[in-house]
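> sequence first, then the predicted structure, then my questions.
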Amino acid sequence: MNPRRSVALLIESSNAYARGLLAGVVTYVRQHANWSIFLPEQERGANPPKWLSSWNGDGLLVRIETDEIARTVRKSKLPLVDLSAARYLDDVPWVETDDAAIAQLAAEHLMERGFQHLAYCGDPGFQWSILRHQAFEKQILQSGLSFHLHQSIPRYDIKYSWKREKRRLSKWIEKLPKPVAIFACYDIKAQQLLDVCRELGISVPEQVAVLGVDNDELLCELCSPPLSSVIPNAHQAGFQAAAMLDRLMNGENVSTEAIFIEPLGIHTRQSTDLLAIDDPDIAKAFRYIREHATANIRVSDLLRHIPLSRRMLEHRFIKYLGRTPHQEIQRQRILKVKDFLSSTNLTLAEIARNTGFEHAEYLSVVFKRETGQTPREYRNQTGTNHIWS
């Protein structure tokens, strides 16, 4: 049996992403390791705990987000893995969410709803916010759309105050062309945007659509209206970081090259549940597909509800959305399959029945063709343990 090791987790538990990291670590320990876990109460960006300098443990999983924490963990000389994008120590192994992939997913989600004006609201105090901004802006400009930016005073800056930031956000939102879709760096920032819109009397999502990141279920549902959010795979990030630390403590060499974990998808709620195009027939067609795609509908079913010929429907669908109605039906079905794979214990046969596929084998063929992965590979990527048939 492997010796029992003491591992400290310097990871805050105050937000959904960090709690996802912790859950991933727990899964790894239950499946593969014999660890004694030390999880102190730790605030994000807080000074390193005093006990760390004399702690007689075996390894550290840390979100290194300040110079002080970087210096302290370096002095400990313990095996460690970093779970922060800040990258204060560039010679230690690290795992981080794929911020470019998050931004791409956000851009696609907002652009497919027909918005011509898109914006990013960030916090430059976080490296991951900077990376999301850069990738999002690049995607929008390459698509020939208008881009707008607001950088908040960093949340942990001594000059930060919500009262001052609220005034800045209000002025910015009022000046934005409408309708506009705003990608917020994370759910907390998105909640602030929704609060400002409500006070200004700006309708969401009709005038301003808002998308966050982290899919903090409680926060998103408490927002008014409920907040759409990108779902990072924090569980898998925590799992991978724990596996890397285990190897380090076993004396193995572990690369310091970044391990980027792709997001799982987007949980669409009311804050972006709108198709912002000026063609009511295509908007109606899109909504019908989104609501009925898993019922194995065909384009012929769509035509019974939309007063257009098949040729005109396809022409206008491609004009506004860049794909055919058939492609959109397939895309919506695959999105639902992904949701079932990543968040449920349903077997592949059960998922096929719930998404309009005749049988599991055909679902596997279509899924591999559309995503480049088998359903099993995609489900394993989420870091969850499920039943197969």
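The structure has been received and is ready for your questions. Nothing here was measured: the structure is a model prediction, and the numbers come from that model.

> which parts of this protein are strands?
When secondary structure is read from DSSP state E, the chain shows strands at 5-10, 35-38, 59-62, 80-82, 95-97, 117-122, 146-151, 180-184, 208-213, 228-231, 259-261, 265-267.

> how about those in JSON lines, adding distance to Glu377, mean neighbour count and mean pLDDT?
Where C-beta positions appear, they are placed from N, C-alpha and C, glycine not excepted. Written out in JSON lines, the entries for these read as follows (distance: least, CB to CB, whole Å; neighbours: other CB atoms under 10 Å; pLDDT from 0 to 100):
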{"stretch": "strand 5-10", "distance to Glu377": "29", "mean neighbour count": "22", "mean pLDDT": "94"}
{"stretch": "strand 35-38", "distance to Glu377": "28", "mean neighbour count": "16", "mean pLDDT": "92"}
{"stretch": "strand 59-62", "distance to Glu377": "26", "mean neighbour count": "25", "mean pLDDT": "96"}
{"stretch": "strand 80-82", "distance to Glu377": "24", "mean neighbour count": "26", "mean pLDDT": "96"}
{"stretch": "strand 95-97", "distance to Glu377": "19", "mean neighbour count": "25", "mean pLDDT": "95"}
{"stretch": "strand 117-122", "distance to Glu377": "32", "mean neighbour count": "24", "mean pLDDT": "98"}
{"stretch": "strand 146-151", "distance to Glu377": "35", "mean neighbour count": "16", "mean pLDDT": "97"}
{"stretch": "strand 180-184", "distance to Glu377": "28", "mean neighbour count": "27", "mean pLDDT": "97"}
{"stretch": "strand 208-213", "distance to Glu377": "24", "mean neighbour count": "28", "mean pLDDT": "97"}
{"stretch": "strand 228-231", "distance to Glu377": "18", "mean neighbour count": "26", "mean pLDDT": "96"}
{"stretch": "strand 259-261", "distance to Glu377": "15", "mean neighbour count": "19", "mean pLDDT": "95"}
{"stretch": "strand 265-267", "distance to Glu377": "16", "mean neighbour count": "19", "mean pLDDT": "91"}
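
> as a markdown table, these with distance to Arg316 would be great.
Output for these, formatted as a markdown table (distance: least, CB to CB, whole Å):
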| stretch | distance to Arg316 |
| --- | --- |
| strand 5-10 | 53 |
| strand 35-38 | 57 |
| strand 59-62 | 52 |
| strand 80-82 | 49 |
| strand 95-97 | 37 |
| strand 117-122 | 21 |
| strand 146-151 | 23 |
| strand 180-184 | 21 |
| strand 208-213 | 22 |
| strand 228-231 | 25 |
| strand 259-261 | 38 |
| strand 265-267 | 25 |
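
> pLDDT weak spots in the protein?
1-2, 45, 276, 382-389 (pLDDT under 70).

> state which helix of it is the longest.
Within the chain, and with DSSP state H defining each element, the longest helix by residue count is helix 325-343.

> next one: it to chain centre, how far?
Using CA atoms, centre = their mean, to the nearest Å, the mean C-alpha position of helix 325-343 is found 17 Å from that of the whole chain.

> from the contact counts, what lies against that helix?
strand 265-267, helix 280-292, helix 299-303, helix 310-321, helix 348-354, helix 360-371, helix 375-381 (3 or more CB pairs under 8 Å, 6 or more residues apart in numbering; DSSP states H and E).

> between these, which one is nearest to Asn34?
Closest approach to Asn34 among the helices and strands packed on helix 325-343 is made by helix 375-381 (23.6 Å; CB to CB).

> and the closest one, what's buried?
Residues of helix 375-381 classed as buried by neighbour count (16 or more other CB atoms under 10 Å): Pro375, Tyr378, Arg379, Gln381.

> residues contacting that helix, please?
When contacts are defined by CB atoms under 8 Å, 6 or more residues apart in numbering, helix 375-381 is touched by residues 233, 236, 262, 337-338, 341-342, 348, 351, 363-364, 367, 371, 373, 386, 388.

> now do the helices in the stretch 151-300 of the chain.
Counting by DSSP state H, counting those that start in this stretch, the stretch 151-300 of the chain has these helices, from start to end: 162-175, 187-200, 217-222, 234-249, 280-292, 299-303.

> and among the ones you listed, the most buried is which?
helix 234-249 (a mean of 24; mean count of other CB atoms under 10 Å).

> can you give me the angle that helix makes with helix 325-343?
In this structure, helix 234-249 runs at an angle of 50 degrees to helix 325-343, with axes from the mean of the first three to the mean of the last three CA atoms, to 10 degrees as the basis.

> quick one: distance of helix 234-249 to the chain centre.
Relative to the mean C-alpha coordinate of its chain, helix 234-249 is positioned 19 Å out (CA atoms, centre = their mean).

> now the angle from that helix to strand 5-10?
Computed by the same axes, to 10 degrees, the angle separating helix 234-249 from strand 5-10 equals 140 degrees.

> now what about helix 234-249, what contacts it?
With CB under 8 Å, 6+ apart, helix 234-249 has contacts from 5, 7, 16-29, 32-33, 58-61, 79-81, 83, 93, 95-97, 254, 259, 261, 381-384.

> swap the cut-off to 6 Å and go again
With CB atoms under 6 Å, 6 or more residues apart in numbering as the contact definition, helix 234-249 has outside contacts at 5, 17, 20-21, 23-25, 27-28, 33, 58-59, 61, 79, 81, 83, 93, 95, 254, 259, 261, 383.
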